[in-house]
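**Student:** Mind looking at a prediction? Sequence and model below.
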Amino acid sequence: MSWMDLLRMSSSSLLKRKLRTFLTVLGVIIGTTSIVVMFSLGLGMQKAMYRQIEETGGLNTITVTGKEAGPGSPEGSAGGKKGQERKQVTDQLVSQLAGIEHVKSVQPVYTVSAVLLKGGYEATVQLTGMTPEGLESRNIKLAPGGRLPESGRGKLELVYGNGVLSSFADSRGGGTYDEYARLPDIDLAHDTLFLVLDESGYSQSREGGMSPAGFSGETASGAASPAPGSSSGESGAATGTGKSVRKYAVQASGVVAGGQEDYGEHFSSVYCDLDTLKQALKKEFAGRALPGQPVTKSGKPYREFCYSQALVRVDDIHQADSVAAAIRQMGYNAETNAEFMKSMKSQLAIIQAVLGGIGAVSLLVAAIGIANTMMMSIYERTKEIGVIKVLGCSLKNIRQMFLLEAAFIGLMGGAAGCVLSFAVSTVINALTATKNIMGVGGGISFIPPWLVLAAVGFSMLVGMGAGYIPALRAMRLSPLAAIQNG
């Protein structure tokens, strides 16, 4: 018996029992959809992890931060008590790191909390200062017309994350975006905003009962009226402590590409040029310690500027671990993106195994349905099996015929299940587009082409596996007994 004859007989048998075939295929569809969707969630999280690593500099980037020194350390860079010194990231350390073998570049990073004001809206943000080279290494994708901040321009230029707008709250009681899903009428790319670097002083002025308009020196129309003695683009107001808090008129040099639903590494970040930020902070906090800076035992600011962290890029990703080890020997914390990826991959492997196991249960139930359908088919076709055996059909052909029927069921269910999986994946991504789940933004379900092929192939194998025992039973039927009992 040729393969064409086997295919024709197998398909004809399935078409004769349309309802039973449909119900069996439906079970495979549900099972395939479950396992594909479950795997797609794990793959989506893995894809988001790779995207996050790429946005933070790739696998050849090492993040260096300060660390508490061990007992017996001499008094030094942090200005703390003897034996309790904290090793800080300073310009001296940046130079030392640049001299390590395989280090391509070292970029200091300084982060400070600040307040953005516009009309009756305000937002507390983390302002990150970096060098132009450091900002470029962050792989920030800007909306059309945007550019990264430049040094030496004498004024602060900001790059806003695409989600910064949702951080603004209406100080007049209008609530936040999270409460009302309503964005403020602010154009970050073109509007002039006011930046307050002394967040503590601003909070004290608010607690003292000063209105936002009275504090900022804005008129009802939102225009600024600089305070006497302030430079152009700045205004100040006295706080309850008698100190003046400046606000700086700032404009955006760019906005991160994407909307409120496009969560990424730069979603809520605000970037600026490091040197310009340092100059503004030293002017704002003259005679006082800058935010995040260490102080001496008497509370005076330390003579060296200390950064929040430093980003070290190596020339070969295979050297990242050795360079990180050398930095740790210097007494600093060093974390590599490669180490982060290994840790996350092991966690995602567990998540994928659990999700895949849940989906496999549905496919197991479908396999039982296939086996039941094939057994019922054998009982109903006992006489037919006996006749084709008497006519000289080999046992091998009989086994192949029933395995083909089971494979057809798996193929149809697998193909339809994959189509349904794309629909379910689209719905999941649409529902989670504006949410951040486990650090992953919109698009948490991802179905690559190889997963579709693997799902269809696996469904066929499950079908053939479920039909193997019924096929053996058909082979063992006695031809004469089959004809007589049929």
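**Tutor:** Received, thanks. Everything quoted here is computed from the prediction, not taken from an experiment.
**Student:** shouldn't Gly315 be in contact with Asn60?
**Tutor:** I think there's a mix-up here, since residue 315 is Asp and not Gly. Yes: counting by C-beta atoms under 8 Å, Asp315 touches Asn60, with 7.5 Å between them. Where C-beta positions appear, they are placed from N, C-alpha and C, glycine not excepted.
**Student:** of the two, who's got more company?
**Tutor:** Between Asp315 and Asn60, counted using other C-beta atoms under 10 Å, the more crowded position is Asn60 (20 against 13).
**Student:** Distance-wise, check the more buried one relative to Thr32.
**Tutor:** 40 Å (C-beta to C-beta, to the nearest Å).
**Student:** next one: Ala325
**Tutor:** Here Ala325 is placed at a distance of 47 Å from Thr32 (C-beta to C-beta).
**Student:** neighbour-wise, which of those two wins?
**Tutor:** Neighbours were counted for Ala325 and for Thr32 using other C-beta under 10 Å; Thr32 has more, 30 against 11.
**Student:** That one touches Met412, doesn't it?
**Tutor:** No: checked against C-beta under 8 Å, the pair Thr32 and Met412 is beyond contact range at 10.3 Å.
**Student:** List the contacts of Glu304.
**Tutor:** 77, 88, 90-92 (C-beta atoms under 8 Å, 6 or more residues apart in numbering).
**Student:** Make TSV from those residues and add distance to Lys283, pLDDT and secondary structure to it.
**Tutor:** Shown next, in TSV, are those (distance: C-beta to C-beta, whole Å; pLDDT from 0 to 100; DSSP: H, G, I helix; E, B strand; the rest coil):
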residue	distance to Lys283	pLDDT	secondary structure
Ser77	24	43	coil
Gln88	22	88	coil
Thr90	21	91	strand
Asp91	20	92	helix
Gln92	24	92	helix
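**Student:** Scan those and report the most crowded one.
**Tutor:** Among those, Gln88 has the most neighbours (other C-beta under 10 Å), with 23 neighbours.
**Student:** sorry, back to before: quickly list what's touching both of Asp315 and Asn60.
**Tutor:** By C-beta under 8 Å, 6+ apart, the residues touching both Asp315 and Asn60 are Lys104.
**Student:** which one of the contacts of Glu304 is nearest Leu41?
**Tutor:** Among the contacts of Glu304, Gln88 lies closest to Leu41 (C-beta to C-beta), at 41.7 Å.
**Student:** I'd assumed Gly66 was in contact with the closest one.
**Tutor:** Yes: counting by C-beta under 8 Å, Gly66 is a contact partner of Gln88 at 4.7 Å.
**Student:** What is the longest strand of this protein by residue count?
**Tutor:** strand 103-118 (DSSP state E).
**Student:** That one: how far from the chain's middle?
**Tutor:** Between the centre of strand 103-118 and the centre of its chain there are 21 Å (C-alpha atoms, centre = their mean, to the nearest Å).
**Student:** got it, and stretch 364-379?
**Tutor:** Per C-alpha atoms, centre = their mean, the centroid offset for stretch 364-379 relative to its chain is 42 Å.
**Student:** List the buried residues in stretch 107-115.
**Tutor:** 107-112, 114-115 (16 or more other C-beta atoms under 10 Å).
**Student:** Confirm Trp450 sits in a helix?
**Tutor:** Yes: the assignment for Trp450 by DSSP: H, G, I helix; E, B strand; the rest coil puts it in a helix.
**Student:** Now do the contacts for it.
**Tutor:** Counted by C-beta under 8 Å, 6+ apart, Trp450 has zero contacts.
**Student:** Report the secondary structure state of Leu411.
**Tutor:** helix.
**Student:** Spatially nearest residue to Gly463 (excluding sequence neighbours)?
**Tutor:** In space, and not counting its chain neighbours, Gly463 is closest to Gly410: 2.6 Å by C-beta to C-beta, 6 or more residues apart in numbering.
**Student:** hang on, I meant Ala114
**Tutor:** Counting by C-beta to C-beta, 6+ apart, the residue nearest Ala114 is Leu127, at 4.4 Å.
**Student:** what sits up against the strand or helix carrying the one you found?
**Tutor:** For Leu127, the element it lies in under DSSP states H and E is strand 121-130. Strand 121-130 is touched from outside by 107-116, 138, 158, 164, 167-171, 184, 186, 195, 197, 199, 212, 268-274, 276-278, with contacts defined as C-beta under 8 Å, 6+ apart.
**Student:** Of those residues, keep whichever come out buried.
**Tutor:** 107-112, 114-116, 138, 158, 164, 167-170, 184, 186, 195, 197, 199, 212, 268-274, 276-277.
**Student:** coming back round to it: now, among the contacts of Glu304, which is nearest to Glu101?
**Tutor:** Among those, and counting by C-beta to C-beta, the member closest to Glu101 is Gln92, at 18.9 Å.
**Student:** Report the separation between the nearest residue to that closest one once chain neighbours are set aside and Leu23.
**Tutor:** Leaving aside its chain neighbours, Gln92 sits nearest to Glu304 (7.3 Å; criterion: C-beta to C-beta, 6+ apart). Look at Glu304 and Leu23: by C-beta to C-beta, they are 76 Å apart.
**Student:** Kindly report the same for Lys247.
**Tutor:** Taking C-beta to C-beta, one finds Lys247 at 70 Å from Leu23.
**Student:** Between these two, tell me which one has more neighbours.
**Tutor:** Lys247 (28 against 12).
**Student:** Next, give phi and psi for the closest residue to that one other than its chain neighbours.
**Tutor:** Nearest residue to Lys247, sequence neighbours excluded (C-beta to C-beta, 6+ apart): Phe194, at 4.3 Å. In this entry, Phe194 is assigned phi and psi values of phi -110, psi 130 (degrees, to the nearest 10).
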